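Chemist: Generate a structure from the sequence data that follows.
(one chain, ligands or ions: 1)
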Amino acid sequence: MHLEGSNLGFRYGRGAPWIVQGAHISIAQGEVVGLVGPSGSGKTTLARLLAGYDLPQAGRITCDGRPLLPGGIQPVQLVFQHPEKAVNPRWRMRRTITEGWEPDAGFLQTLGIEREWLDRYPNELSGGELQRFCVARALGPQTRYLIADEMTTMLDAITQAQIWHTVMDIARQRNLGILVISHESSLIQRLCSRVIEWP
Ligand SMILES: Nc1ncnc2c1ncn2[C@@H]1O[C@H](COP(=O)(O)OP(=O)(O)OP(=O)(O)O)[C@@H](O)[C@H]1O
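Modeler: Have a look, this model is predicted:
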């Protein structure tokens, strides 16, 4: 069982330079893989392809042997650096969190989400509080692979450690594959059993 991209090619429009070209990547179920590389080299672009946000113009992506399907609940979930861009500002957090699945109180507690935050709007939460919701939302029962693109970069060290501790626990229990994209080499070393140098 793998999340796999083969011979991937992607560019932002015809005539634009190829950002991803001839790329192969494979993440096994249960594996935690780091992806490191210079700024602007296409890591987020690759993450978006692997999560089905954009379609590659060349190559193919499979998740546990099957192509990613548009719409519906996705087995590959992507969490970005900026949670405020990933939520609907007009929805209270209860609606955002239950859009894809209904985590119980115990699950929310493991991510340090307080019950009264559910009635707030995104702009009434700190970045770290909001990112906990984005992480919770991404960890529904259908999730097989998580792509963490600078997921905790903007958080303080304690919050970062708490979130990763919980995510790694859940990943172990459910045998999730994780791709960790980060410029923080200490984080990558701590979490990952394998590191891909990009491009
Ligand atoms: N929507 C877009 N339209 C056009 N070009 C884009 C778009 N998004 C990204 N790019 C360009 O694609 C290239 C790769 O960007 P990407 O965000 O994938 O890099 P990255 O490796 O994740 O960078 P960083 O480490 O700084 O986050 C950059 O040159 C960027 O300017």
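Chemist: tell me the contacts of the closest residue to Arg172 other than its chain neighbours?
Modeler: Of all residues not flanking Arg172 in the chain, Gly30 sits nearest, at 7.9 Å (Cβ to Cβ, 6 or more residues apart in numbering). (C-beta placed from N, C-alpha, C; glycine too.) Contact partners of Gly30, counting by Cβ atoms under 8 Å, 6 or more residues apart in numbering, are Ala171, Arg172, Asn175, Leu176, Gly177.
Chemist: who wins for neighbours among those residues?
Modeler: In terms of neighbour count, Gly177 stands highest of the contacts of Gly30 at 24 neighbours, by other Cβ atoms under 10 Å.
Chemist: can you list contacts of the helix or strand hosting Leu78?
Modeler: In this structure, Leu78 is located in strand 76-79 according to DSSP states H and E. Outside of strand 76-79, the residues within contact range by Cβ under 8 Å, 6+ apart are 3, 47-48, 50-53, 63, 68, 86, 131, 134-135, 138-140, 143-149, 151.
Chemist: Also stretch 49-68?
Modeler: If you take Cβ under 8 Å, 6+ apart as the criterion, stretch 49-68 is touched by 1-11, 20-21, 23, 25, 29, 45, 48, 69-70, 74-78, 144-145, 147, 179.
Chemist: part of a helix, is Leu130?
Modeler: Yes - read with DSSP: H, G, I helix; E, B strand; the rest coil, Leu130 is one of the residues of a helix.
Chemist: How many neighbouring residues does it have?
Modeler: Residues contacting Leu130 under the criterion other Cβ under 10 Å number 22.
Chemist: List the contacts of it.
Modeler: Pro83, Glu84, Val87, Pro122.
Chemist: any weak-confidence spans in this protein?
Modeler: The chain contains no residues with pLDDT under 70.
Chemist: Residue numbers of the protein in contact with the ligand?
Modeler: Proximity of the chain to the ligand (Cβ under 6 Å from any ligand atom) is limited to residues Tyr12, Ile19, Gly37, Ser39, Gly40, Ser41, Gly42, Lys43, Thr44, Thr45.
Chemist: farthest pair in these?
Modeler: Tyr12 and Gly37 (17.8 Å; Cβ to Cβ).
Chemist: Neighbour count for these two, which is higher?
Modeler: Neighbours per residue, other Cβ under 10 Å: of Tyr12 and Gly37, the larger number sits with Gly37, 15 against 10.
Chemist: Touching, the more buried one and Pro199? I think so.
Modeler: Yes - counting by Cβ atoms under 8 Å, Gly37 touches Pro199, with 6.2 Å between them.
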